[in-house]
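Novice: Give me a model of this one.
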Amino acid sequence: QVELAESGGGLVQAGTSLRLMCTVSGRNVSIFTMGWFRQAPGKERDFVAAIRWNAESSYYHDSVKGRFTISRDNAKNTVYLQMNSLNPEDSATYYCAAKPIGSPAVDHLYLFWGQGTQVTVSS
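Specialist: Here you go, the predicted model:
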């Protein structure tokens, strides 16, 4: 049983930073492509970022390029999302997701999902 647990969300002011963490249990995270998604109230869940198993490739939605950085530590079974220069439009529930390697990273076809962590950015 693969489980993903996000942490690190909170209420912050615009212009500040947060680092989200996703801890994977049940399997070694090195076999997965990992992604971050977010969903604001009344909106669809959107892709934010993804990273290949060996961290050689990462992908970002245009809205977060240059501000967010996805990284992973396979030894710790953990994936991170460093979010800088936050603005109110970044407010959402952020979800971590995993899929087996070998399939496209930038889609919603992820196999395992966490419960989400709330990020609220005040203006």
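
Novice: contacts and neighbour counts: CA atoms only from here.
Specialist: OK.

Novice: Show me the beta-bridge partners of the closest residue to A105 other than its chain neighbours.
Specialist: Distances taken as CA to CA, 6 or more residues apart in numbering place A50 nearest to A105, at 6.1 Å, with adjacent residues excluded. Following DSSP bridges, A50 is listed with bridge partners G35, Y59.

Novice: Can you give me the distance of A50 to I31?
Specialist: 14 Å (CA to CA, to the nearest Å).

Novice: For the nearest residue to A14 once chain neighbours are set aside, which residues are in contact?
Specialist: Nearest residue to A14 in three dimensions, chain neighbours excluded: N87, at 4.7 Å (CA to CA, 6+ apart). Counting by CA atoms under 8 Å, 6 or more residues apart in numbering, N87 makes contact with 13-15, 121-123.

Novice: Let's see that with 7 Å instead.
Specialist: Counting by CA atoms under 7 Å, 6 or more residues apart in numbering, N87 makes contact with 14-15, 121.

Novice: State the pLDDT value of the residue nearest the centre of the chain.
Specialist: What sits nearest the mean C-alpha location of the chain, by CA atoms, centre = their mean, is W36, with 2.4 Å. W36 carries a pLDDT value of 98.

Novice: Strands along this structure, start to end?
Specialist: 3-7, 10-13, 18-25, 32-39, 46-51, 58-60, 68-73, 78-83, 92-100, 112-113, 117-122 (DSSP state E).
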